[in-house]
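J.: Sequence first, then the predicted structure, then my questions.
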Protein chains: 2
Amino acid sequence: MKEVAAIVTRKEVAELAGVSEATVSRVFNDVGPMKEQTRQRVLQAAKTLNYHPNAIAQSFARRRSGNLGVVLPYVPKVHIFSTYYFSEVLSGIGEQVKASGYDMLLKFRVPGEESDYSGIFRSQKVDACVILGATDTPSERAELKRLEDGGFPFCLINQHMSGERFNEVDADHEGGSYRAVRHLLDLGYRGIAFLSGSPEFSNSGDRLRGYMRAMREAGLLPADAKAAGDLPAHLYYEGNYSRTSGMKAASAMHPHLSRIEAVFASNDRMAIGLMQGLREYGHVPGRDYAIVGYDDSEAARVTDPPLTSVAVPFYEMGRLAAERVLRRVGGGNETDGGSESFRLKLDTKLVVRQSCRILR
Amino acid sequence: MKEVAAIVTRKEVAELAGVSEATVSRVFNDVGPMKEQTRQRVLQAAKTLNYHPNAIAQSFARRRSGNLGVVLPYVPKVHIFSTYYFSEVLSGIGEQVKASGYDMLLKFRVPGEESDYSGIFRSQKVDACVILGATDTPSERAELKRLEDGGFPFCLINQHMSGERFNEVDADHEGGSYRAVRHLLDLGYRGIAFLSGSPEFSNSGDRLRGYMRAMREAGLLPADAKAAGDLPAHLYYEGNYSRTSGMKAASAMHPHLSRIEAVFASNDRMAIGLMQGLREYGHVPGRDYAIVGYDDSEAARVTDPPLTSVAVPFYEMGRLAAERVLRRVGGGNETDGGSESFRLKLDTKLVVRQSCRILR
DNA sequence: TGAGATAATGAACGCGCGTACATTATTATG
DNA sequence: CATAATAATGTACGCGCGTTCATTATCTCA
């Protein structure tokens, strides 16, 4: 390895081209009137010297970093990028960031630590941010309020905070959930259990709401049933969206299998874990019970049997969040017309595969 | 949304604390002798004003960005983060970046565009970079040579460029491949086909080499067989690491099924696609033929039957690449001892599941 | 040809830090 | 108590840009 090569500045370009530094700057920023001859001279000198403007100096002078921050929850040793939700959203964000001429700066946030959001903003290293994995807790709400009060552009993905005016991109989880359970009902299933994810995520509540709405309409729940606590114990289980928590749920579900004909799981991973766990009790999906997952991840396609699942457009959610928030900072080609918060809710869709046979 | 809040600089902190700006700087950087009383006064003033140093100004003054660049290939609309290899490596990089107090800046590189590597370096926006998805083509080699010549610290992952002194973190794909095929041989299989990935990746060549070594040693190939061209046509297929290319390979393989007892596929996705494709011809994996995948992705565990697969420590590869290259810039707690290039090759491991029964 | 208007370019300085060198304050020693 | 040494702090400036305002060059018109 050799010494780091000398950095070429606009000063050297100016000298070689026989112009001032301001002219070099003007040429590179396409600013003001410029004689074509001068312009060519500068560009030629820059090419000769292999000059690239120093991005840090530019950011500093412009008071704009050119970075879109993406805030991810940090859990040690967890392969966060390998989680379907995160990977799809990030892919969508990446697409938009590239299209908008921004760079994507990842920030890992340790859950529970304070001031991380505010610090992200105040250090000026990102112009805006998109937040994944936010939870609806009082301290996190307070931090987000601080960000909002400071006028810093950000957007939550897949996490609704009712009563706040935060920018959000979400999906119709209630609707997706409802359709999944209606599908099971239409196939003749009545004893339909629900495997929930962690309740601090708004989307877990949405899924539960959709499940309960469908069950109430089918007369399988009392008309005033509103919360998980109103469900019969044998119909409600909870995991943390991981496959292993799905396997654990299988153990909990095992004593009640005679009363359960179908299961609606809050994501594919838990559905898969549940299927694996129940198979150990000789209970075969698609034959002995029906199962619907959520997310329509790649894995849903390769299980045995392939999983009926609710498709959520995570990629598009990521892309839209990035697009909208970058518009707020004037990073794109247009400036957003107003300063009102934006709330988008994208449609979900049921993808039917072989995990649910016609029962009756 | 409100106006962006006024940014507090060290000037305001200095005024409130009754010291000079240099003292504020010293306190925040823990530099030089400092009276404890003065230090507390400064910290209190900073807290009162909610001061955070401006990261861009710091980077500029320090001539160091604090960013580790991660270069990813950009293919429009491809959900790159959802690919097992990328997601695992990125998770490992993320872990190390967090531990080293760096930020992770993603750069998408359009394959075929020139000067992207050099521009990344010259814009000074990253202090070092880790490159994923590099290919062994003359133009890309030339670009990497330019980076190396400029003394810019970078590291290739999973891509060996023979004859160069680039920093590399790789895995023993030849060994993993060899063990996979030996496993099939030990189970009694003789007609073992190979489904290769794209040949511009060095690791595709490694897998092929391992396959061929095992087959030669078993007397199933001539002693001088060295390249794909030396293989019988019915034993060699090529895909591009995607599941759909695996399904396509099933069609190509179908006419030769009577001569194929087992398949070694270059990654799990192609293995899965192949299994799905062959199942459409009534050919059932684990019963009618054996199959071994590569990567040991999550999907390998949920297929029917669960896939025997070679586990590659992508996460650890990412983590080590980041660690090593950040050491080069003095980003970690230690400075690397020398300026020699580093080359790491991590072990792979065969994980046996139910896709290969004992044949004879 | 001269004056006025417009185009093109240069000089100067700020952005918010880090730090070298200068200055001041404090402590130790004879 | 005076001097020397050391600790603590301040002044000034650079980092490489973007851009305002001043200056110079060029063009148009009477």
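T.: Nice, thanks for sending it over.
J.: could you pull out the helices for the stretch 101-250 of chain A?
T.: A:116-122, A:138-149, A:173-186, A:202-217, A:243-253 (DSSP state H, counting those that start in this stretch).
J.: Of all those, which one is nearest residue B:25?
T.: Between residue B:25 and these, the shortest separation by CB to CB is 16.7 Å, and it involves helix A:116-122. Placement of C-beta: from N, CA and C, glycine included.
J.: Who are the packing partners of that closest one?
T.: The elements that helix A:116-122 packs onto, with contact taken as 3 or more CB pairs under 8 Å, 6 or more residues apart in numbering or on different chains; DSSP states H and E, are strand A:67-73, strand A:103-109, strand A:128-131, helix A:138-149.
J.: how long is stretch A:143-155 from one end to the other?
T.: One end of stretch A:143-155 to the other measures 13 Å (CA to CA, to the nearest Å).
J.: Actually, stretch A:73-86.
T.: 10 Å.
J.: picking up where we left off before, for the helices and strands packed on helix A:116-122, give me CSV that also has mean neighbour count.
T.: Shown next, in CSV, are the helices and strands packed on helix A:116-122 (neighbours: other CB atoms under 10 Å in any protein chain shown):
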stretch, mean neighbour count
strand A:67-73, 24
strand A:103-109, 22
strand A:128-131, 27
helix A:138-149, 16
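J.: so which of the ones you listed gets nearest residue A:28?
T.: Of the helices and strands packed on helix A:116-122, nearest to residue A:28 by CB to CB is strand A:103-109, at 18.2 Å.
J.: What pairs with that closest one, parallel or antiparallel?
T.: Strand A:103-109 has its sheet partners listed here by DSSP bridges as strand A:67-73 (parallel), strand B:103-109 (antiparallel).
J.: what angle separates the last one from helix B:138-149?
T.: Orientation note: strand B:103-109 sits at an angle of 150 degrees relative to helix B:138-149 (axes from the mean of the first three to the mean of the last three CA atoms, to 10 degrees).
J.: I'd assumed residue A:123 was in contact with residue A:69.
T.: No - using CB atoms under 8 Å, residue A:69 makes no contact with residue A:123, being 10.0 Å away.
J.: Nearest spatial neighbour of the residue in the stretch 201-350 of chain A that chain B sits nearest to, chain-adjacent residues omitted?
T.: Here the stretch 201-350 of chain A gets closest to chain B at one residue, residue A:304, 3.1 Å apart by CB to the nearest CB. Leaving aside its chain neighbours, residue A:304 sits nearest to residue B:304 (3.1 Å; criterion: CB to CB, 6 or more residues apart in numbering or on different chains).
J.: Identify the residues contacting residue A:157.
T.: A:89, A:130-132, A:168-170, A:317-318, A:321 (CB atoms under 8 Å, 6 or more residues apart in numbering or on different chains).
J.: Specify the beta-bridge partners of it.
T.: Residues in beta-bridge contact with residue A:157 (DSSP bridges): residue A:169.
J.: still on that earlier bit, could the helices and strands packed on helix A:116-122 go into JSON lines alongside mean pLDDT?
T.: Listed next are those as JSON lines, based on pLDDT from 0 to 100:
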{"stretch": "strand A:67-73", "mean pLDDT": "94"}
{"stretch": "strand A:103-109", "mean pLDDT": "92"}
{"stretch": "strand A:128-131", "mean pLDDT": "95"}
{"stretch": "helix A:138-149", "mean pLDDT": "89"}
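J.: Tabulate those (CSV), appending distance to residue A:52.
T.: Below are the helices and strands packed on helix A:116-122 laid out as CSV (distance: least, CB to CB, whole Å):
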stretch, distance to residue A:52
strand A:67-73, 17
strand A:103-109, 14
strand A:128-131, 25
helix A:138-149, 33
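J.: does DNA strand D sit close to stretch A:19-39?
T.: Yes - on the criterion CB under 7 Å from any atom of the strand, stretch A:19-39 is in touch with DNA strand D at A:21-22, A:25-26, A:28-29, A:31-32.
J.: Strands of chain A, residue ranges please.
T.: A:67-73, A:103-109, A:128-131, A:154-157, A:168-171, A:192-196, A:236-238, A:262-265, A:290-295, A:308-311, A:343-346, A:349-351 (DSSP state E).
J.: Quick one: these as CSV, columns for distance to residue B:201 too.
T.: Output for these, formatted as CSV (distance: least, CB to CB, whole Å):
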stretch, distance to residue B:201
strand A:67-73, 28
strand A:103-109, 24
strand A:128-131, 32
strand A:154-157, 33
strand A:168-171, 35
strand A:192-196, 40
strand A:236-238, 43
strand A:262-265, 37
strand A:290-295, 30
strand A:308-311, 31
strand A:343-346, 35
strand A:349-351, 32
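J.: Tell me which of those strands lies nearest to DNA strand C.
T.: strand A:67-73 (16.1 Å; CB to the nearest atom of the strand).
J.: which residues make contact with that closest one from outside it?
T.: Counting by CB under 8 Å, 6+ apart, A:80, A:86, A:90, A:93, A:97, A:100, A:102-109, A:111, A:116-117, A:120, A:125-134, A:322, A:325-326, A:331, B:94, B:105 sit against strand A:67-73.
J.: could you point out where the stretch 101-250 of chain A is predicted with low confidence?
T.: A:114-116 (pLDDT under 70).
J.: How about the residues of it by chain B?
T.: By CB under 8 Å from any CB of the partner chain, the part of the stretch 101-250 of chain A that sits against chain B consists of A:103-108, A:118-119, A:122-125, A:148-153, A:243.
J.: Pick out the residue of the stretch 201-350 of chain A closest to DNA strand C.
T.: Closest point on the stretch 201-350 of chain A to DNA strand C, by CB to the nearest atom of the strand, is residue A:329, at 16.6 Å.
J.: What number of residues are in the vicinity of that residue?
T.: 21 (other CB atoms under 10 Å in any protein chain shown).
J.: Let me see the contact set for it.
T.: A:64, A:127-128, A:153.
J.: from the residues you listed, which would you call buried?
T.: A:64, A:127-128, A:153 (16 or more other CB atoms under 10 Å in any protein chain shown).
J.: Dump these into a markdown table; add distance to DNA strand C as well.
T.: Conversion of the buried ones among the contacts of residue A:329 to a markdown table gives the following (distance: CB to the nearest atom of the strand, whole Å):
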| residue | distance to DNA strand C |
| --- | --- |
| A:64 | 11 |
| A:127 | 14 |
| A:128 | 18 |
| A:153 | 18 |
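J.: got the contact list for residue A:89?
T.: A:132, A:157-158, A:314-315, A:317-318, A:321.
J.: and these, which two are the farthest apart?
T.: Using CB to CB, the pair of these lying farthest apart is A:132 and A:315, separated by 13.2 Å.
J.: Give me the most central residue, chain A.
T.: residue A:89 (4.3 Å; CA atoms, centre = their mean).
J.: Excluding chain neighbours, what is closest to it?
T.: residue A:318 (3.7 Å).
J.: Hmm, residue A:93 and that neighbour touching each other?
T.: Yes - proximity of residue A:318 to residue A:93 meets the contact threshold set by CB under 8 Å, at 4.2 Å.
J.: quick one: contacts for the residue lying closest to residue A:204 once chain neighbours are set aside?
T.: Residue nearest to residue A:204 in three dimensions, not counting chain neighbours: residue A:197, with 4.4 Å by CB to CB, 6+ apart. Neighbour list for residue A:197: A:203-204, A:207, A:238-241, A:266-267, A:270 [criterion: CB under 8 Å, 6+ apart].
J.: what's the closest of the helices of the stretch 101-250 of chain A to DNA strand D?
T.: Between the helices of the stretch 101-250 of chain A, helix A:116-122 lies closest to DNA strand D; by CB to the nearest atom of the strand that is 19.6 Å.
J.: just how off-centre is the closest one within its chain?
T.: In terms of CA atoms, centre = their mean, to the nearest Å, the centre of helix A:116-122 is set 20 Å apart from its chain centre.
J.: Then stretch A:344-360?
T.: For stretch A:344-360, the distance to the chain centre is 21 Å (CA atoms, centre = their mean).
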